[in-house]
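1. Take a look and give me a structure for this.
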Amino acid sequence: MAATLRTAMRAAPLRQARSMGVAPMTRRALVAVRSTATKAPEVADYAISEKGAKDSLEYRIHFSQNGKQISCWHEIPLHAGDGLLHFICEIPKETSAKMEVATDEPATPIKQDTKKGKLRFYPYNINWNYGLLPQTWEDPAHKQEDLGGVAGDNDPVDVVEIGSTQLKMGGVYKVKPLGVYAMIDDGELDWKVIAIEANDPKAAAINNLEDVEREFPGELQKVLEWFRDYKIPDGKGANAFGYDNKCLDAEFALKVVSETHGFYNALKSGRRANNEELSLI
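-> As a prediction, this is how the structure comes out:
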């Protein structure tokens, strides 16, 4: 992998894993990924406001910084310094309302997903905090050849935060990336980054997947099974996972983050046409 971030973002992140032997990032490349971050705002700088009644089609959570409305997708930086990433919590652990950032609405607030005009709920509670990485995008025009040519799902990259605390819907947190699953949902690639909130009591002891297994035995398998099976109660089939259902390591997760950050930058700058009519403000 070349030393520059531009090359890192262009390179398909799974090419090193063709035989399930995921090649580690070089020290030089890893530094390149992290060195792009400018000084990140403190998480406390961000505030949220609610509009509409909860559990309604009109409910929205808007974000602001120093009293000015912002887009959480566009204006909260990806990198949080010290190798951490910013994470926006859409769905707190042990809840079931399927909340999401509305990437097609101005200022991209959080809203509840709908289907046929009705609010969507998971069939049972999600057991982790769930949300997204700002300034990332899974490009539906990019085919991942190492996974049979599946393309991105047109959303920011998802995060499964495995810490012990229920986080706040709309909260902005610093997280440590630990690994990533390559979920394939209805024929689309839907990365699931595994992370832990930086202030979690166990965060200092967890830096890789082996640490996760030691501190949270069986947790990675539980994540896999939950996301594999959650559509079954609604009469749909199980979701698939690439790479023999394995969770790839933290260095690999950083490659995914780097590439999808590159896709986002191309979209936001206009170098990639906004054919999907997403809100870029």
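2. tally of neighbours for Asn245?
-> Using other C-beta atoms under 10 Å, Asn245 has 14 other residues around it. C-beta: built from backbone N, CA, C; applies to glycine.
3. now it: how far from Leu119?
-> Going from Asn245 to Leu119 by C-beta to C-beta, to the nearest Å gives 31 Å.
4. ditto for Val159
-> In terms of C-beta to C-beta, Val159 sits 23 Å off from Leu119.
5. Show me which of those two is the more surrounded one.
-> Val159 (29 against 16).
6. just checking, that one touches Gly131?
-> Yes - with contact defined as C-beta atoms under 8 Å, Val159 counts as touching Gly131 (5.4 Å).
7. hey, what's in contact with both of those two?
-> Phe87 (C-beta atoms under 8 Å, 6 or more residues apart in numbering).
8. list the buried ones in stretch 194-211?
-> For stretch 194-211, a neighbour-count test (16 or more other C-beta atoms under 10 Å) marks 194-198, 200, 202-203, 206, 209 as buried.
9. where do the helices sit along the stretch 151-281 of the chain?
-> Assigned by DSSP state H, counting those that start in this stretch, the helices in the stretch 151-281 of the chain fall at 209-215, 219-229, 250-269.
10. will you turn the ones you listed into CSV that also has distance to Glu42 and mean pLDDT?
-> Below are the helices of the stretch 151-281 of the chain laid out as CSV (distance: least, C-beta to C-beta, whole Å; pLDDT from 0 to 100):
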stretch, distance to Glu42, mean pLDDT
helix 209-215, 27, 98
helix 219-229, 29, 99
helix 250-269, 21, 99
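11. Tell me where the model's unsure across the stretch 1-150 of the chain.
-> The model of the stretch 1-150 of the chain has pLDDT under 70 over residues 1-40.
12. mind listing the strands for it?
-> Assigned strands in the stretch 1-150 of the chain, in chain order: 46-51, 60-65, 68-70, 79-81, 84-91, 95-97, 99-101, 110-112, 114-115, 118-119, 121-126, 129-132, 143-144, 150-152 (criterion: DSSP state E, counting those that start in this stretch).
13. any idea which of those strands is most buried?
-> The highest mean neighbour count among these, using mean count of other C-beta atoms under 10 Å, belongs to strand 129-132: a mean of 27.
14. Would you mind listing the outside residues contacting it?
-> By C-beta under 8 Å, 6+ apart, strand 129-132 touches 73, 87-93, 101, 155-161, 163, 166-167, 197.
15. mind saving the C-alpha coords of that strand as CSV?
-> Coordinates of each C-alpha in strand 129-132 appear next as CSV, following Å, rounded to 0.1, in the frame of the first residue of the first chain:
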residue,chain,number,x,y,z
ASN,A,129,-25.2,1.4,20.6
TYR,A,130,-25.6,1.8,16.8
GLY,A,131,-24.9,4.8,14.5
LEU,A,132,-22.6,6.1,11.9
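16. Sounds good, over and out.
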